[in-house]
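1. after the sequence you'll find the predicted model.
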Amino acid sequence: MWYDEDEQQNQGPMNGKITEKNPNYEKKDKCNCKKGCSKRSCSCFKFGSGCNSSCRCSSSCQNMFNHLEYFFGENKKYAANPCFSKWLVKHAKNADGLKMINHDELRQYIMECDCFSDIMSYDEDLNEWTKKWQTINENEKLAHTQKLFQMLLSDDKTMHYYSFCHHDLFQENCYWHCVVCQECVKWREWHCGECNKCTYGVSLPCEGCGGRSKMSGFC
């Protein structure tokens, strides 16, 4: 059973109604852009994924996330997870800038986070990756680096993801990155659709409108 220590009475205009709306689940299969696709108004760009043949943008597409094979390799198409998407928008800005990011420097930055070695001790995938990294040849390093990025930076669900917000590794079920608030928050925070921002406490009413999370009835 989940609970928060400081229960509050419902208050505000929504007065205890369910107002939770997780924007991370609103990803669409295609965009309806007529040109560009270089801003978060594009539904594909917003969720860190490239456009596809069913999108309306066609040859006018400038979505930098069309080029994520630079990070994840070409064997499978991946989207960037929400936190990595935010970081890429800030540091790359476009497809040319994306390809200027140094693979090795990014890998090293991730591996230098405080809990990398601790998590490696119980995350079998990360442990296996690290052991292999210590034995591979120079010409194998790019593909193996891309495998690390697949595990920690893509939208493929694994045990952990890398948070650029906190420069740390987090368990997928303990933290999440809200695509609207653009921040990694603890699982106890939920996004209020009425106020359009995250609020603390799955058993607590929204600080702004008094609305409730979907889990509040089980707490």
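-> Yep, it's here.

2. packing partners of the helix or strand hosting residue 130?
-> If you go by DSSP states H and E, residue 130 is part of helix 124-133. Judged by 3 or more C-beta pairs under 8 Å, 6 or more residues apart in numbering; DSSP states H and E, helix 124-133 is in contact with helix 116-120, helix 141-153. To be clear about C-beta, it is placed using only N, CA and C from the backbone, and glycine gets the same treatment.

3. give the rounded mean pLDDT of the host helix or strand of residue 108.
-> Assessed by DSSP H and E, residue 108 sits inside helix 103-111. For helix 103-111, mean pLDDT rounds to 98.

4. residues in contact with the residue nearest the centre of the chain?
-> The chain has residue 82 as the residue nearest its centroid, 2.4 Å off, counting by C-alpha atoms, centre = their mean. Applying C-beta atoms under 8 Å, 6 or more residues apart in numbering to residue 82 gives the contacts 24, 47, 48, 177, 178, 179.

5. can I get those in CSV including pLDDT and distance to residue 123?
-> Output for those, formatted as CSV (pLDDT from 0 to 100; distance: C-beta to C-beta, whole Å):
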residue, pLDDT, distance to residue 123
24, 94, 23
47, 94, 25
48, 94, 23
177, 97, 19
178, 97, 24
179, 96, 25
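
6. list just the nearest of those to residue 156.
-> Top of the list for closeness to residue 156, among the contacts of residue 82 and by C-beta to C-beta, is residue 48 at 12.1 Å.

7. and for that closest one, the neighbour number?
-> Neighbours of residue 48 under the rule other C-beta atoms under 10 Å: 27.

8. among the contacts of residue 82, which ones are buried?
-> 47, 48, 177, 178, 179 (16 or more other C-beta atoms under 10 Å).

9. any idea how far residue 49 lies from residue 68?
-> The gap separating residue 49 from residue 68 is 8 Å, by C-beta to C-beta, to the nearest Å.

10. quick one: common contacting residues for the two?
-> Here residue 49 and residue 68 have 79, 80 as joint contacts, going by C-beta under 8 Å, 6+ apart.

11. quick one: the strands in this structure?
-> 160-163, 168-171, 175-178, 183-186, 189-192, 197-200 (DSSP state E).

12. who touches residue 36 in this structure?
-> 42, 57, 60, 61, 62.

13. among those, which two are most distant?
-> Most distant of the contacts of residue 36, by C-beta to C-beta, are 42 and 60, 11.4 Å apart.

14. quick one, which of those two is more surrounded?
-> Taking other C-beta under 10 Å, residue 42 and residue 60 do not tie; residue 42 has more neighbours (23 against 11).

15. that one contacts residue 63, doesn't it?
-> Yes - between residue 42 and residue 63 there is a contact at 6.5 Å, judged by C-beta atoms under 8 Å.

16. any residues in contact with both of those two?
-> By C-beta under 8 Å, 6+ apart, residue 42 and residue 63 have these common neighbours: 51, 57.

17. neighbours around the spatially closest residue to residue 12 that is not a sequence neighbour, how many?
-> Of all residues not flanking residue 12 in the chain, residue 210 sits nearest, at 2.8 Å (C-beta to C-beta, 6 or more residues apart in numbering). For residue 210, the neighbour count with other C-beta under 10 Å is 21.

18. give me the distance between residue 210 and residue 112.
-> For residue 210 relative to residue 112 (C-beta to C-beta), the value is 43 Å.

19. with residue 156 instead?
-> Counting by C-beta to C-beta - residue 156 and residue 112 are separated by 23 Å.
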